[in-house]
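Peer 1: can't give you the sequence, but here's the structure:
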């Protein structure tokens, strides 16, 4: 309360300076979430009018096979993609951390998949997985891995694999950058000491570096899990959620209801996603010890 | 010594594999965009016909989408950095209760799934008559990228010695003048890399643009390319790859030139402390 009275210098300004940021965040994120929660209690289909149904949309979601399928796909995709991203990202980080010549070039290579819009790179992947003349089938046939071309986006397993490759390709670089920052914080003396003790490179990594990377890897794991939970762009473009809804993520499932004018049910589905995401974000904020030194 | 050579070879092989993995899809994209047929890369010599077709067919609206994207992303980046600078100044320099709360709050907010906002945003923008305008995109984009830019700017501002702006305040500057005349010029490299990151994030955004735009008046390039189906049924892969190449080339150039700044900004936003 003291600050408001102007007792502490700059007290009033501090609020003026923060207000515009908070205004935007409230108007375009917090308020919409509240609006979505409100909508989720209504049956609200364009041209059919609005009717209060309280929790009926949620009850429907739990018995809706489409929602269950979307939720199941999203969890399975997280379980498959996030460990791959972490492993590949860590490998990239280790390579980037070495004093190779052309350091900037290697770093730029890793940045590019991250910097290009997913919707655009997903179209490149769509062509790569094209049945008749895509690169994936060309390589698979040439190398003798398969005798017949693979129907990538037309089969459930093929579509899952195709999405996995496209998503890991896009997001492993981000993990690499986070882990790289962690690697550079590992004291060089520790590694040097282990070297003196005749440890091999692999032993140094496993016994010295990896334990020190644990906090960074935990942050990356949680961040990637939260981000994969809301996966949308690459699924929308590459498989459209097919075949037979087998690769429809929860975000895409909710989007399809919004796009079809069913705001009540779409809101309920996206609130369920929000709740899971909110729990994980809370964990993330707690675990990452942010803002400790302010 | 033998082990060291083996390690070197292994490392170079790893680096080459990494580069191929990251750039491979783009090399393929460029190759197809320059070929006459997507199934026969380079057959009959390379050609710019796909590029000419994309740029020379007004009904594809490629340049409209690209200009919309550039305008929306640039506007969002400038507004975001301005608002985030104000807040970052307050957090690092002024007496205020609940600084940590603001930081934690915006961090949590930035992790929300976009899909849980779009129903409301669509109804809001429809009500305001803003569907298919830049404003409908810029407003939620700014809100969406503010948290990240706040985190990055706080970490840059915190490094500037307090004596600098304290001297300005003693000389009679207002906090606003101290921010614009002292802090921002000193933190300029950090501010620019934050703006660049904001630009890339806005440029990549997909789901808001998908639901809040209806045609070339405001549709952005990711949505335009995602919906690119050609005029005659058969998917014109050569044209799509040419459009993708013209979209990605500027971003690739930006990334290559500013890679150091991007890496610094990203890691500051993601793993501080």
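Peer 2: That came in fine, so what should we check first? Since we're looking at a predicted model, the values are computed, not measured.

Peer 1: Please count neighbours and contacts with C-alpha atoms only from this point.
Peer 2: OK.

Peer 1: Show the average pLDDT along whichever helix or strand residue B:139 is part of.
Peer 2: For residue B:139, the host element (DSSP states H and E) is helix B:134-157. Regarding helix B:134-157, the rounded mean pLDDT is 93.

Peer 1: Enumerate the residues of the stretch 151-273 of chain B near chain A.
Peer 2: B:175, B:200, B:203-207, B:211, B:222-223, B:225-226, B:237, B:241, B:244, B:248, B:251-252, B:255-256, B:259-260, B:263, B:266-267, B:270-273 (CA under 8 Å from any CA of the partner chain).

Peer 1: Distance from the helix holding residue B:139 to the middle of the chain?
Peer 2: 11 Å (CA atoms, centre = their mean, to the nearest Å).

Peer 1: same for it, what does it pack against?
Peer 2: helix A:11-25, helix B:62-93, helix B:99-109, helix B:188-204, helix B:207-212, helix B:259-270 (3 or more CA pairs under 8 Å, 6 or more residues apart in numbering or on different chains; DSSP states H and E).

Peer 1: Any buried residues in the helix or strand where residue B:185 lies, and which?
Peer 2: Element membership of residue B:185 [criterion: DSSP H and E] is helix B:184-186. Neighbour-count burial for helix B:184-186, counted by 16 or more other CA atoms under 10 Å in any protein chain shown, picks out B:184, B:186.

Peer 1: cool, and stretch A:53-65?
Peer 2: Counting neighbours by 16+ other CA under 10 Å, stretch A:53-65 gives A:56, A:57, A:58, A:61 as buried.

Peer 1: can you list contacts of stretch A:51-66?
Peer 2: Under the contact criterion CA atoms under 8 Å, 6 or more residues apart in numbering or on different chains, stretch A:51-66 has outside partners A:40-44, A:67-68, A:245, A:253, A:264-265, A:268-269.

Peer 1: What's the end-to-end length of that stretch?
Peer 2: 23 Å (CA to CA, to the nearest Å).

Peer 1: how distant is that stretch from the center of its chain?
Peer 2: On CA atoms, centre = their mean, the centre of stretch A:51-66 falls 27 Å from that of its chain.

Peer 1: now the residues of the stretch 151-273 of chain B next to chain A: which count as buried?
Peer 2: Neighbour-count burial (16+ other CA under 10 Å) applied to these gives B:175, B:200, B:203-207, B:211, B:222-223, B:225-226, B:237, B:241, B:244, B:248, B:251-252, B:255-256, B:259, B:263, B:266-267, B:270-272.

Peer 1: Parallel or antiparallel, list what pairs with the helix or strand hosting residue A:51.
Peer 2: Using DSSP H and E, residue A:51 falls within strand A:49-52. Partners of strand A:49-52 in the sheet, by DSSP bridges, are strand A:42-45 (antiparallel).

Peer 1: I'd like the average pLDDT over the longest helix along chain A.
Peer 2: In chain A, assigned by DSSP state H, the helix with the most residues is helix A:65-97. Helix A:65-97 shows a mean pLDDT of 95.

Peer 1: in it, what counts as buried?
Peer 2: A:66-67, A:69-75, A:77-78, A:81-82, A:84-86, A:88-97.

Peer 1: and what of stretch B:141-160?
Peer 2: Buried residues in stretch B:141-160 (16+ other CA under 10 Å): B:141-158.

Peer 1: before we move on, back to that, any chance of the helices and strands packed on helix B:134-157 in TSV, with mean pLDDT and distance to residue B:43 too?
Peer 2: TSV is the format used below for those (pLDDT from 0 to 100; distance: least, CA to CA, whole Å):
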stretch	mean pLDDT	distance to residue B:43
helix A:11-25	88	53
helix B:62-93	95	26
helix B:99-109	86	51
helix B:188-204	92	33
helix B:207-212	95	37
helix B:259-270	79	35
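
Peer 1: With respect to residue A:276, which of these lies nearest?
Peer 2: helix B:99-109 (12.7 Å; CA to CA).

Peer 1: tell me the mean pLDDT over whichever helix or strand comes after the closest one?
Peer 2: Toward the C-terminus, helix B:99-109 is succeeded by helix B:115-127 as the next helix or strand (DSSP H and E). Here helix B:115-127 scores 93 as its mean pLDDT.

Peer 1: And stretch A:26-39, by the same measure?
Peer 2: Stretch A:26-39 comes out at a mean pLDDT of 94.

Peer 1: what's the answer for stretch A:116-129, then?
Peer 2: 92.

Peer 1: List the contacts of that stretch.
Peer 2: Under CA under 8 Å, 6+ apart, the answer for stretch A:116-129 is A:113, A:134-137, A:152-153, A:162, A:166, A:170, A:233-234, A:237-238, B:25-26, B:29, B:203-206, B:222-223, B:225-226, B:237, B:241, B:244, B:248, B:251-252.

Peer 1: Also stretch B:17-32?
Peer 2: A:92, A:106, A:109-110, A:112-113, A:124-125, A:128, A:169, B:38, B:41-42, B:237-238, B:241-242, B:244-245.

Peer 1: what about the closest residue to chain B within the stretch 51-200 of chain A, neighbour count?
Peer 2: When scored by CA to the nearest CA, the stretch 51-200 of chain A has residue A:117 as its residue closest to chain B, at 4.2 Å. Residues lying near residue A:117 (other CA atoms under 10 Å in any protein chain shown) number 26.

Peer 1: follow-up on the earlier one: need the contacts of stretch A:51-66 in a markdown table with distance to residue A:177, can you?
Peer 2: Listed next are the contacts of stretch A:51-66 as a markdown table, based on distance: CA to CA, whole Å:
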| residue | distance to residue A:177 |
| --- | --- |
| A:40 | 39 |
| A:41 | 42 |
| A:42 | 44 |
| A:43 | 45 |
| A:44 | 44 |
| A:67 | 35 |
| A:68 | 35 |
| A:245 | 34 |
| A:253 | 32 |
| A:264 | 40 |
| A:265 | 39 |
| A:268 | 36 |
| A:269 | 33 |
